[in-house]
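Asks: How does the following fold in three dimensions:
(one chain, ligands or ions: 1)
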Amino acid sequence: MSNNIAIDGPSASGKSTVSRMVAKLLGYVHVDSGAIYRALTLQIIRDGLAGASPEAIARHLSSVAMRFFVEEGAVRFTINDVDPGTAIRSLAVQEQVSAVAAIPEVRTWVGERLRSLTTFGNLVVEGRDIGTVVFPEATFKFYLDADPEERARRRHHEQQDLAGNAMNPVEVKRALLQRDACDQSRSTAPLAMAPGAYRIETTHMTIEDVVAQIVEKIRTVPKHRLPKAIERAGFSPFVYHFSRVFFLCYLWIFHRYATHGLKHVPREGGCILVSNHASFLDPIAVCCNIWKRHVYFLARDTLFKQSRFMKWWAIAVGTLPIDRNKGDIRALKGAINLARQGNMIFLFPEGTRTRDGHLQPVKAGIGFLIEKAGVPVVPAYVRGTFEAFPRDAHRIKFSKIVTYFGKPLTPADCAVFKGDPERHQKIADLVMARIAALDPAGGQTSVFAKATPDKS
Ligand code: DC
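Replies: Numbers count the residues shown, from 1 in each chain. Model prediction:
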C-alpha cells in the first residue's frame with residue numbers, strides 16, 4: 001500500500017514545478033502523467049497516425065510498450081525502447097495531445113500504467129484526473145488553479161525558454177484555452193476537482209508558497225495521529241524531553257560528546273533513523289542532540305520486562321516493544337504507521353549489540369519495513385560507545401563519543417530494487433552500507449564493502 005498525493009489542475013497552473021518540489025521535500029517519487037500522454041502522442045505521430053480515427057489509435061496501443069524506471073526521484077520511461085526526450089514538448093505534440101488523451105481506451109491504457117507505478121513507493125502524481133479517476137483513494141488531493149491570463153503568461157514564458165524564440169502571446173493564450181476546453185469537456189475523465197481536494201488559487205502566489213502550503217497541509221494532519229497504542233500506553237513528551245536533556249548533559253560532561261551532520265535529520269515529516277549498535281549508550285548518543293522533534297524507538301520487548309521503572313520509562317519516552325524472536329508483525333506495522341503518519345522512528349537494523357565492535361549482517365525485515373514505510377531513512381554512525389560501554393562490561397569508561405549523521409536514503413533510492421525478490425535484503429544491506437560509510441576511520445566497512453558509500 002502506497003501513500004499517494006494527487007495534484008491536478010489545468011495547463012500552466014504550476015503543477016509540474018510544484019509537484020516536483022513537493023516530491024523532493026517528502027522523499028516521494030514524482031510522476032508527470034501528462035508526459036505519458038505526450039509521449040504516446042509523439043509515438044502515434046511517428047507511427048504515421050496523426051489525425052487518425054480514435055478506433056485506429058485505440059487499436060495501435062497494443063504495439064506500444066512503455067518501460068518505467070526511477071531516476072533522481074522521478075519516474076522516467078522509454079517508449080518502444082526509445083527515450084522520447086524533449087520531443088514530447090514540441091508544437092506538433094502539443095496540438096494533438098488533447099485529442100489523443102480524450103480517447104477512452106487511451107485513458108484506460110495510461111491509467112493502468114500509472115497505477116502500476118506504486119511499486120516504486122509513495123508517489124506525487126500530477127495530471128488532470130489523478131484525484132478523480134486514477135488514484136481516487138489518494139492520501140491527499142490538491143487542485144491548482146490560476147486565472148487564464150496568468151496561465152497564458154506562464155506558458156508563454158516557458159515556451160520562449162524552451163523554443164528560444166519569440167512566440168506570439170496571443171497565439172499561446174488561444175492554444176491554452178483551446179486545450180483547457182478540450183480537457184474539461186471530454187466525456188471520459190474530464191479535468192475536474194476531485195471530491196475532498198484542496199483547491200489552491202496560485203495566480204498571486206510564488207511557487208515556494210504553493211509548495212509550502214501543500215507540504216504544511218500534508219504534515220500538519222499526521223502530526224496528531226500517534227498510534228492509539230502509544231497514546232494509551234502513557235507516552236509523555238515531558239519525560240522524553242527531560243530524559244533527552246539529562247543524557248545530553250551526561251554525554252557532554254563525561255564523553256566529550258559531539259555530533260556531525262545533524263542537518264541531514266529532517267525537522268518534519270515521516271522518517272526512519274538507523275544506526276550501528278555497539279552499546280546501551282547508542283540510543284542516547286544518536287537521539288540526544290535532536291532538539292526539534294520526538295524520536296520514537298523500536299526496542300526489544302525484554303527491555304520492558306527488566307523492571308517496573310524501566311517499563312514505565314520506556315513507554316513514557318515513546319518506545320514500541322518488538323519481539324525479535326517472532327519477527328513481531330504488529331510492532332512492525334506500528335512502526336510503519338508511525339513513520340507514515342509523519343513521525344520519526346529510530347531503530348537498530350542489526351538488532352543486537354556487536355560483540356567485537358564490527359558491524360553485523362542484517363536481516364531482510366528492516367528492508368521490508370523501509371519499503372513499506374516509504375519515508376526517508378537517515379543513517380547514523382556512533383563512534384566510541386563500544387570503547388565506553390560494550391556488551392558484558394560492568395563499568396563505563398569515560399571515553400569520547402561522536403555521532404555522524406548521513407544524507408537520507410530516499411524511497412526512490414530503494415526503488416531501484418523494484419521487482420527483485422531479494423529487494424528487502426538488498427535495501428537492508430544498502431542501509432548498513434550507508435551507516436558503515438559514515439565511519440571516519442573506514443574500519444567497519446568490510447561486511448558491506450560492495451554498496452555505495454555516501455559521506456555527504
Ligand atoms: O500536463 P500536460 O500539459 O503535460 O498534459 C498534456 C496533455 O495530457 C493535456 O492536454 C492534458 C492531458 N492529460 C490528461 O488528459 N490527463 C492527465 N492525467 C494528464 C494529462
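Asks: buried set for stretch 244-251?
Replies: 244, 247-248, 251 (16 or more other Cβ atoms under 10 Å). From N, CA and C alone the C-beta is placed, and that goes for glycine too.
Asks: C-terminal to the helix ranked longest in the chain, what's the next element?
Replies: Determined from DSSP state H, the single longest helix within the chain is helix 237-255. Per DSSP states H and E, the first helix or strand lying C-terminal to helix 237-255 is strand 258-260.
Asks: average pLDDT across that next one?
Replies: The pLDDT scores in strand 258-260 average 97.
Asks: And for that strand, what's in contact with it?
Replies: For strand 258-260, contacts defined as Cβ atoms under 8 Å, 6 or more residues apart in numbering pick out 289, 400-405.
Asks: Of all pairs in the residues you listed, which one is the farthest apart?
Replies: Farthest-apart pair in those is 400 and 405; separation 17.2 Å (Cβ to Cβ).
Asks: ok, now which ones touch the residue in the stretch 101-250 of the chain that the ligand sits nearest to?
Replies: Closest approach of the stretch 101-250 of the chain to the ligand (Cβ to the nearest ligand atom) occurs at residue 127, with a separation of 2.5 Å. Listed by Cβ under 8 Å, 6+ apart, the contact partners of residue 127 are 6-8, 15, 32-34, 114, 134.
Asks: same thing but 10 Å
Replies: 6-9, 15, 19, 31-37, 101, 110, 114, 133-135, 189, 191 (Cβ atoms under 10 Å, 6 or more residues apart in numbering).
Asks: cool, residue 372 as well?
Replies: Applying Cβ under 10 Å, 6+ apart, the residues contacting residue 372 are 1-2, 121, 332-333, 335-337, 339-340, 424.
Asks: Where does it fall, secondary structure wise?
Replies: Using DSSP H and E, residue 372 falls in helix 365-373.
Asks: The next helix or strand after that helix versus helix 365-373: what angle between them?
Replies: Using DSSP H and E, the next helix or strand after helix 365-373 towards the C-terminus is strand 377-383. Here strand 377-383 points in a direction 140 degrees away from that of helix 365-373 (axes from the mean of the first three to the mean of the last three Cα atoms, to 10 degrees).
Asks: Let me know how buried the nearest residue to residue 95 once chain neighbours are set aside is, in neighbour terms.
Replies: Nearest non-adjacent residue to residue 95, counting by Cβ to Cβ, 6 or more residues apart in numbering: residue 175, 7.8 Å away. Neighbours of residue 175 under the rule other Cβ atoms under 10 Å: 20.
Asks: doesn't residue 97 make contact with residue 175?
Replies: No - with contact defined as Cβ atoms under 10 Å, residue 175 does not reach residue 97; the gap is 11.2 Å.
Asks: what touches both of those two?
Replies: By Cβ under 10 Å, 6+ apart, no residue touches both residue 175 and residue 97.
Asks: picking up where we left off before, closest one of the contacts of strand 258-260 to residue 196?
Replies: Using Cβ to Cβ, those come closest to residue 196 at residue 405, 37.2 Å.
Asks: Does the residue lying closest to residue 369 once chain neighbours are set aside belong to a helix, a strand or coil?
Replies: Spatial nearest neighbour of residue 369, excluding adjacent residues (Cβ to Cβ, 6+ apart): residue 332 at 5.6 Å. Under DSSP: H, G, I helix; E, B strand; the rest coil, residue 332 falls in the helix class.
Asks: isn't residue 332 right up against residue 368?
Replies: Yes - counting by Cβ under 10 Å, residue 368 is a contact partner of residue 332 at 7.4 Å.
Asks: pretty sure residue 379 contacts residue 276?
Replies: Yes - if you go by Cβ under 10 Å, residue 379 and residue 276 touch, sitting 9.2 Å apart.
Asks: ok, residue 419 - contacts?
Replies: Counting by Cβ under 10 Å, 6+ apart, residue 419 has contacts residue 119.
Asks: Might you report the residue contacts of residue 425?
Replies: Neighbours of residue 425 in contact, by Cβ under 10 Å, 6+ apart: 361-368, 417.
Asks: can you tell me which two in these are farthest apart?
Replies: 361 and 417 (17.7 Å).
Asks: Could you report the neighbour count for the residue nearest to residue 369?
Replies: 19.
Asks: Tell me the spacing between it and the ligand.
Replies: Distance of residue 332 to the ligand, computed by Cβ to the nearest ligand atom, to the nearest Å: 35 Å.
Asks: residue contacts, that residue?
Replies: By Cβ under 10 Å, 6+ apart, the neighbours of residue 332 are 298, 320, 322, 365-366, 368-369, 372-373.
Asks: Output the residues you listed as JSON lines; include the columns pLDDT.
Replies: Formatted as JSON lines, these follow (pLDDT from 0 to 100):
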{"residue": "298", "pLDDT": "84"}
{"residue": "320", "pLDDT": "81"}
{"residue": "322", "pLDDT": "77"}
{"residue": "365", "pLDDT": "87"}
{"residue": "366", "pLDDT": "90"}
{"residue": "368", "pLDDT": "90"}
{"residue": "369", "pLDDT": "90"}
{"residue": "372", "pLDDT": "85"}
{"residue": "373", "pLDDT": "85"}
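Asks: and of these, the nearest to residue 65?
Replies: Distances from residue 65 to the contacts of residue 332, taken by Cβ to Cβ, are shortest for residue 372, at 29.5 Å.
Asks: who's in contact with the spatially closest residue to residue 237 that is not a sequence neighbour?
Replies: Nearest non-adjacent residue to residue 237, counting by Cβ to Cβ, 6+ apart: residue 294, 6.7 Å away. Applying Cβ under 10 Å, 6+ apart, we find residue 294 in contact with 226, 235, 237, 240-241, 244, 287, 317-318, 343-345.
Asks: now the contacts of strand 258-260: which count as buried?
Replies: Buried among those by 16+ other Cβ under 10 Å: 289, 401-405.
Asks: Just the ones in helices from these, please.
Replies: Short answer: those have none in helices (DSSP H).
Asks: can I get those residues in TSV with pLDDT and distance to the ligand?
Replies: Listed next are the buried ones among the contacts of strand 258-260 as TSV, based on pLDDT from 0 to 100; distance: Cβ to the nearest ligand atom, whole Å:
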residue	pLDDT	distance to the ligand
289	95	44
401	97	52
402	97	48
403	97	44
404	97	42
405	97	38
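Asks: Just the ones of those residues in strands?
Replies: 402-405 (DSSP state E).
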